[in-house]
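Trainee: following is a predicted model, sequence given first.
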Amino acid sequence: MNAQSRTRLNQTPEWTALGKHREQLGKTHLRQLFADAPERGTDYSLRVGDLYVDYSKQLVTDETLRLLRELAGATGVAELRDAMFRGDKINTTEDRAVLHTALRAPRDAVIEADGENVVPAVHAVLDKMAAFSDRVRSGEWTGHTGKPIKNIVNIGIGGSDLGPAMAYEVLRSFTDRSLTLRFVSNVDGADLHEAVHDLDPAETLFVIASKTFTTIETITNATSARDWLLTGLRADQDAVAKHFVALSTNAEKVSDFGIDTANMFEFWDWVGGRYSYDSAIGLSLMIAIGPDRFREMLDGFHLVDEHFRTAPAEENVPLLLGLLGVWYGAFFDAQSHAVLPYSHYLSKFTAYLQQLDMESNGKSVDRDGNPVDWQTGPVVWGTPGTNGQHAYYQLIHQGTKVIPADFIGFAEPVDALLPGLVAQHDLLMANFFAQTQALAFGKTPDEVRAEGVPEELVPHKTFLGNHPTTTILADRLTPSVLGQLIALYEHKVFVQGAVWNIDSFDQWGVELGKVLAKKIEPVLTEGKGAEQLDSSTAALVAAYRELRGR
Ligand SMILES: O=P(O)(O)OC[C@H]1O[C@](O)(CO)[C@@H](O)[C@@H]1O
């Protein structure tokens, strides 16, 4: 579908039909929907790979789903998906292809960007990463003084940090525990300080991850890390080659920094930062889990890519999840989306999804530059259960907001836990199932009264229910399952961007702050240029300078 020829989303007949349907649905309660269809719990479930996806507790009927699929048809979701997989330049504001799916394509696949098959280059880099990982893991790769590497410090930010940092936590039980892996992202010197203060520089490898190799936080931290290393080793620049590698698309800048481009692991401008952790950006992770596990993860991604590309609309899980988000944003005024994993290992999962979703779909103009007058990306938030239950779930259960939520849980604990701890898994999962049940069905005033609760407390103890959730259940949190989950969310975000007619692959909104920070820094350090600031910022800067004794 040509974006130019698109009818504005909220003027399509499909949108109007959904609006009418929403009115008819009114306050229909999930209790009613379940009573009307005794098999709803299984009828409204799908499988993809190892993931069992239950959407029966969503505020939808067969008619809703039909109308949503029609909206997807009218907005050209399948056509845009095919264009993405084909390597068309669907990131129009940056004139780039969007081919993260090529990063996990099998060796014999043919995927072209600008007329060139990119798959051989993808696998050449994967092979180079695997060879390097093996050398580090085996102790064959030694530092400047001849000691093997025991510590890896990944320096990057945004997509060059969140993915590998998240996946390292998720896959901790698959890692080589004799290696220490730390992630530094914040330009606050405390981040680097905490990462290196107890490390021996002779045993430390810095992995500098930056697509552009110009990101100020990363280059500043990398420069300080280099100073720390050379000071600690009492060595000169020659030592850098054994202790620094780069993950980047920008060989020139890598070389300017002093890293041998032989120690650079390449990726390409058709990989968006937030879609990049299965590229060279995953090197630290690969060193931690080993190349075989990394490849299993890529296979998990690929499995869901193929599902998204080929499954019919009725069975297409990313399509379904994307459309549900459109439904709640547009017709329930939902402003946020909670992702609530019941796994300690997924502690950084939602933070990762925040960039994936909010940097992709936090847009307010359509692909043609016209302001949108429909909701786009939600605020994504959440932390692992059961912790959230004792913090913010109160608001989800009894607050005034519609907060669709994804619950993610696993049948088996990941690790060979200490024997006494295995039993805790059933308790964790009992909470997991109980929460979606409580959110969906609530507790009526009569049920509360039947418990003998005094009348004045009945409203306080009533749960209205009808809060929509999706439950994603898998056997075990393996590298493959992680890949499946991430690809599921990547394509969900894609579907929403396609329906909303926004460019999900640029991120111009992060630029202004970067430019202004560059202007403010000399005002802080030298006191020059304060007159160009607005009165609020000027006063704050003056207060800061005074507190710093300047
Ligand atoms: O990998 P780079 O080029 O250092 O960029 C880091 C991050 O910065 C951003 O461009 C946003 O500022 C992200 O999209 C990206 O993941």
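Mentor: Perfect, thanks for sending it.
Trainee: got a list of what residue 192 touches?
Mentor: 155, 184, 221, 224, 225, 228 (C-beta atoms under 8 Å, 6 or more residues apart in numbering). Bear in mind the C-beta positions are built from the backbone N, C-alpha and C, glycine included.
Trainee: pick the one among the residues you listed closest to the ligand.
Mentor: residue 155 (9.7 Å; C-beta to the nearest ligand atom).
Trainee: in this protein, where is pLDDT below threshold?
Mentor: The model of the chain has pLDDT under 70 over residues 1-5.
Trainee: around the ligand, which positions in it sit nearby?
Mentor: 157-160, 210-212, 215, 218, 273-274, 359, 507, 510 (C-beta under 6 Å from any ligand atom).
Trainee: any quick PyMOL command for the buried ones out of those?
Mentor: Buried residues among the residues of the chain next to the ligand (16 or more other C-beta atoms under 10 Å), as a PyMOL selection:
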select buried, resi 157+158+159+160+210+211+215+218+273+274+359+507
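Trainee: could you dump the residues of the chain next to the ligand to CSV with secondary structure?
Mentor: What follows is the residues of the chain next to the ligand, written out as CSV (DSSP: H, G, I helix; E, B strand; the rest coil):
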residue, secondary structure
157, coil
158, helix
159, helix
160, helix
210, coil
211, coil
212, coil
215, coil
218, helix
273, helix
274, helix
359, helix
507, coil
510, helix
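Trainee: distance of residue 459 relative to the ligand?
Mentor: 46 Å (C-beta to the nearest ligand atom, to the nearest Å).
Trainee: just to be sure, residue 247 is in a helix?
Mentor: No - under three-state DSSP, residue 247 sits outside any helix and is assigned strand.
Trainee: neighbour-wise, which of the contacts of residue 192 leads?
Mentor: Among these, the one with the most neighbours (other C-beta atoms under 10 Å) is residue 155, at 30 neighbours.
Trainee: got the phi/psi numbers for it?
Mentor: phi -110, psi 120 (degrees, to the nearest 10).
Trainee: I'd say it and residue 184 touch.
Mentor: Yes - using C-beta atoms under 8 Å, residue 155 makes contact with residue 184 at a distance of 4.8 Å.
Trainee: which residues are common contacts for these two?
Mentor: Common neighbours of residue 155 and residue 184 (C-beta under 8 Å, 6+ apart) are 192, 221, 225.
Trainee: excluding sequence neighbours, find me the nearest residue to the residue of the stretch 251-400 of the chain found nearest the ligand.
Mentor: For the stretch 251-400 of the chain, the residue closest to the ligand is residue 273, as judged by C-beta to the nearest ligand atom, at 2.5 Å. Leaving aside its sequence neighbours, residue 273 sits nearest to residue 159 (C-beta to C-beta, 6 or more residues apart in numbering; 3.0 Å).
Trainee: so what's that neighbour up against?
Mentor: For residue 159, the contact set (C-beta under 8 Å, 6+ apart) comprises 211, 272, 273, 274, 275, 276, 277, 281, 355.
Trainee: quick one: it from residue 279, how far?
Mentor: As defined by C-beta to C-beta, to the nearest Å, residue 159 lies at a distance of 10 Å from residue 279.
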